[in-house]
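Asks: Sequence first, predicted coordinates after that:
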Amino acid sequence: MAEHNELGRLGEQLARDFLIAKGYQILEQNWSCGHKEIDIIALDGKELVIVEVKTRRVQCLVDPEETVDKLKQRFLIWAAESYVERNNLDVDVRFDIVAIVVDKKNEHRIDHIENAFYPMLSRRR
C-alpha cells in the first residue's frame, strides 16, 4: 500500500480517537455519496459536525488545513446536504478540519479547527 494511503488512514484514526476523547459521537467514517466522501460525521451535542481530516508529514511546505480549498469545501457542503436529506435530519451543521502533522517517529500534532468554513447557498448539480 502506498505510504500516503497509510498516512491518511493513520490520520483518520488519530482524528477519530481525538474527537471521541473530546466527547463527540462518531456517526460515520468515510461516508461517500457518488464521488464525494466525508471523512468523519459526528455529533457535538446536537450539532452535526462534518470533519475533513488532513494529515501530512513534517517536511511538507504547507499546513494540512491549507489544502482544503474552495472546491473541496463545495464538495463537502454538497455531501453534507445529501447526508442530511437522506437521513431526514433537522440539525445545525458545522464544518471542521482536523489537521495532523506526523514526524518520522510517528509522533504527531493535532489541530482541531472548528467552524473552519461556512457554507454559502449551494447549487447542487
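Replies: That came through, no problem. Numbers count the residues shown, from 1 in each chain.
Asks: drop to CA atoms for contacts and neighbour counts, all remaining ones
Replies: Noted.
Asks: Return the set of buried residues in stretch 40-57.
Replies: The neighbour-count check on stretch 40-57 (16 or more other Cα atoms under 10 Å) flags 40-44, 48-57 as buried.
Asks: Closest one of the residues you listed to residue 91?
Replies: Taking Cα to Cα as the measure, residue 48 is the one of the buried residues of stretch 40-57 closest to residue 91, at 6.4 Å.
Asks: how far away is the residue lying farthest from the centre of the chain from residue 51?
Replies: For the chain, the C-alpha lying farthest from the average C-alpha position belongs to residue 105; by Cα atoms, centre = their mean, that distance is 24.0 Å. Separation of residue 105 from residue 51 (Cα to Cα, to the nearest Å) stands at 26 Å.
Asks: Tell me if I am right that residue 12 is in a strand.
Replies: No: going by DSSP: H, G, I helix; E, B strand; the rest coil, the assignment for residue 12 is helix, not a strand.
Asks: what about it, neighbour count?
Replies: Residue 12 has 24 neighbours, counted by other Cα atoms under 10 Å.
Asks: sec struct for the most centrally placed residue in the chain, please.
Replies: Centre of the chain computed as the mean C-alpha position; nearest residue by Cα atoms, centre = their mean is residue 52, 1.5 Å away. The three-state label for residue 52, taken from three-state DSSP, comes out as strand.
Asks: Please report how far it lies from residue 88.
Replies: Look at residue 52 and residue 88: by Cα to Cα, they are 22 Å apart.
Asks: Report the mean confidence score over stretch 45-56.
Replies: Summarised as a single mean, pLDDT over stretch 45-56 is 94.
Asks: what residues does that stretch touch?
Replies: Outside stretch 45-56, the residues within contact range by Cα atoms under 8 Å, 6 or more residues apart in numbering are 7-8, 11-12, 15, 24, 38-43, 63-65, 67, 76, 80, 91-102.
Asks: Since that was my last question, I'll sign off now.
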